[in-house]
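J.: Sequence and predicted structure below; questions after.
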Amino acid sequence: MKLVPLGDRVVLRQLVAEETTKSGIVLPGSAQEKPQQAEVIAVGPGGVVDGKEVTMQVTAGQKVIYSKYAGTEVKLDGTEYIIVKQNDILAVVE
Amino acid sequence: MKLVPLGDRVVLRQLVAEETTKSGIVLPGSAQEKPQQAEVIAVGPGGVVDGKEVTMQVTAGQKVIYSKYAGTEVKLDGTEYIIVKQNDILAVVE
Amino acid sequence: MKLVPLGDRVVLRQLVAEETTKSGIVLPGSAQEKPQQAEVIAVGPGGVVDGKEVTMQVTAGQKVIYSKYAGTEVKLDGTEYIIVKQNDILAVVE
Amino acid sequence: MKLVPLGDRVVLRQLVAEETTKSGIVLPGSAQEKPQQAEVIAVGPGGVVDGKEVTMQVTAGQKVIYSKYAGTEVKLDGTEYIIVKQNDILAVVE
Amino acid sequence: MKLVPLGDRVVLRQLVAEETTKSGIVLPGSAQEKPQQAEVIAVGPGGVVDGKEVTMQVTAGQKVIYSKYAGTEVKLDGTEYIIVKQNDILAVVE
Amino acid sequence: MKLVPLGDRVVLRQLVAEETTKSGIVLPGSAQEKPQQAEVIAVGPGGVVDGKEVTMQVTAGQKVIYSKYAGTEVKLDGTEYIIVKQNDILAVVE
Amino acid sequence: MKLVPLGDRVVLRQLVAEETTKSGIVLPGSAQEKPQQAEVIAVGPGGVVDGKEVTMQVTAGQKVIYSKYAGTEVKLDGTEYIIVKQNDILAVVE
């Protein structure tokens, strides 16, 4: 089984980097965002999303930093994935 | 009796997958979203919804992951359905 | 006396279906939406509503599922009606 | 003295209908909307309001149902008026 | 010194009408709006405000009803003024 | 060192007018806006900001009334500045 | 490893200026924004972001004042970065 994201959605798999959790990230406000590194697993087709044309700019295999605030965790076949909108991906790590 | 969704609405029937509830999904923030697998039962015609052209991208019979946050549960003839907007469907499971 | 709805408003009369209230509908979040079956009594003319062209897609006599969250109850001549925007109607029951 | 409403504003005078208050209207959510019957006293010119073209669809003398949620009460020469946007008028009572 | 409002702002001076405060105005919701009579002192040039073309429709010297909810009080040379957006002016009193 | 504002931002320096704080300004609601007089120090270039064309209408040296609600205080070389969007400037004092 | 920001995102590195924290910045409201000086490390390509054309106006190496309210802190190879949208950069310090 595989996840095929719709619209501007991107399927991510979090990288198990203990350093990241050790880094003492403190986020402002009450919203508990947890920026994280993840690998891009699948990318939606883009197109018109909520009345706006979206061009996808990430590709499977890239390592990215995302804001987990609006993401949704999904477990499939024992693996945990995170589905985010491309707009929740902040940067590519090269 | 059957449900014929309007606009960009999609009628789903939740798949009774105990694994999903065992997966220990923890969601960020106070909003208790429960991402879930469901089968697409009926799909609205799309068209102009809230001033924006929406093209439907799912079809009846597909297995999808949706964000239950904005969905509405409806019981008809003893069966429970969930009516969501297409935008609340995150990915198709293939 | 009769109610003639404006714009994209629709006048509904709730169907007294005890099954519906027995179904144990549990809605997510703090917003207490009560999806319900109702009969369409009168339909507004549509047209430009809040700057967006709306085409009416329901007709009087149809049985519909609506989200009561944004609706307004009105009593006229001893009968209770609910006035909703067409967008609050989720599906037609056929 | 008279009130000349601006833009898409409409001046209403509430009808003293005790039946309405006896009807046990229960509104959902914390927002305490009180739908009411009122007579249209004066109607604004419409035109471009908040960047959107608005055509006025009610006329003075009509009896209407409005959602008092966003309305503003004004007392002028001992008479109480309610000033609402046309969009807060749900239906005309004929 | 005088106040020259920008964009769609209007400078008002509240009329000291004790009757208004005696009128027992009760406003819905938690937002404590205080509709009031005021004299228009100065009117901004209008034009494109927040991406929308605004035409000014009030003129200095008019007596208006405004919703004080979004207004800002300013004291200049011992006189108190209220600066509102034209959209917060509900009606002209003639 | 000097501050060069971006887009529709304006750099202000508050005028130390004790009269203003003595004026007993009472603001509506829970948002504690403090309207104040300030001198315009630097003005951004305007242009397309958040998808909307903004033309700057204030110039350095002008004395303005602004709503401090959305402003941000910055200290540079021992001087305190306030950076606001032009839209937070209510009026010019002439 | 380096961070390549997407869309209108900008990667910043905070300047360790103790003076800034000594400056007694008091911010209005409950939102605890901490305006700060930072160096621009990397700038996204701009383009259409959320349906709006964005032109990037800062360049790597510039010293800027930003509003940390909406920013996200990321640690990479032991260095802390802040990723903001260009719109959260208030001014360039020259």
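T.: Looks like it arrived, so ask away. Quick caveat: nothing in here was measured; it's all calculated off a predicted structure.
J.: Closest residue of chain A to chain F?
T.: Distances between chain A and chain F by Cβ to the nearest Cβ are smallest at residue A:52, namely 10.5 Å. The way it works is simple: take the backbone N, C-alpha and C, and place the C-beta from them, glycine included.
J.: Let me know whether that residue touches residue G:53 as I believe.
T.: No: using Cβ atoms under 8 Å, residue A:52 is not in contact with residue G:53; the gap is 11.6 Å.
J.: Compare those two (neighbour count), which wins?
T.: Residue environment comparison for residue A:52 versus residue G:53 gives the larger neighbour count to residue A:52, 14 against 10, counting by other Cβ atoms under 10 Å in any protein chain shown.
J.: List the residues that contact the closest residue in space to the more buried one that isn't next to it in sequence.
T.: Of all residues beyond its chain neighbours, the one nearest residue A:52 is residue G:51 (3.3 Å), with distances taken as Cβ to Cβ, 6 or more residues apart in numbering or on different chains. Shown in contact with residue G:51 (Cβ atoms under 8 Å, 6 or more residues apart in numbering or on different chains): A:51-53, F:51.
J.: What's the first helix or strand after the helix or strand of chain A with the lowest mean pLDDT?
T.: Each helix and strand of chain A was given a mean pLDDT (mean pLDDT, DSSP states H and E); the minimum falls on helix A:18-22 at a mean of 42. Past helix A:18-22, heading to the C-terminal end, the next element that is a helix or strand (DSSP states H and E) is strand A:36-43.
J.: Parallel or antiparallel, list what pairs with that next one.
T.: In the sheet containing strand A:36-43, its partner strands are strand A:9-14 (antiparallel), strand A:63-66 (antiparallel), by DSSP bridges.
J.: May I see the buried residues of the last one?
T.: Residues A:64-66 are the ones in strand A:63-66 that count as buried (16 or more other Cβ atoms under 10 Å in any protein chain shown).
J.: Just give me the closest of the residues you listed to residue C:38.
T.: Relative to residue C:38, the closest of the buried residues of strand A:63-66 is residue A:66; by Cβ to Cβ it sits at 42.3 Å.
J.: Distance check, the closest residue to chain B within chain A against residue C:56.
T.: Going by Cβ to the nearest Cβ, chain B is nearest to residue A:51 of chain A, at 3.3 Å. Computed with Cβ to Cβ, to the nearest Å, the distance linking residue A:51 and residue C:56 is 21 Å.
J.: Under the pLDDT cut-off, which ranges of chain A? List them.
T.: For chain A, residues meeting the criterion pLDDT under 70 lie at A:17-35, A:68.
J.: ok, now how distant is the residue lying farthest from the centre of it from residue C:86?
T.: Computed with Cα atoms, centre = their mean, the maximum C-alpha offset from the centroid of chain A is found at residue A:51, amounting to 21.9 Å. For residue A:51, the distance to residue C:86 equals 18 Å [Cβ to Cβ].
J.: again, but for residue A:60
T.: Applying Cβ to Cβ, one obtains 40 Å for the distance of residue A:60 from residue C:86.
J.: looking at it, residue A:58 is touching residue G:6, isn't it?
T.: Yes: the criterion here is Cβ under 8 Å, and residue A:58 meets it with residue G:6 at 7.4 Å.
J.: Which residues are in contact with each of these two?
T.: A:86, A:89, A:92.
J.: List the residues that contact the first one.
T.: In other words, residue A:86. Counting by Cβ under 8 Å, 6+ apart, residue A:86 makes contact with A:8-10, A:43-44, A:46, A:54, A:56-58, G:6.
J.: Among those, name the buried ones.
T.: Taking 16+ other Cβ under 10 Å as the criterion, what is buried in the contacts of residue A:86 is A:8-10, A:43-44, A:54, A:56-58, G:6.
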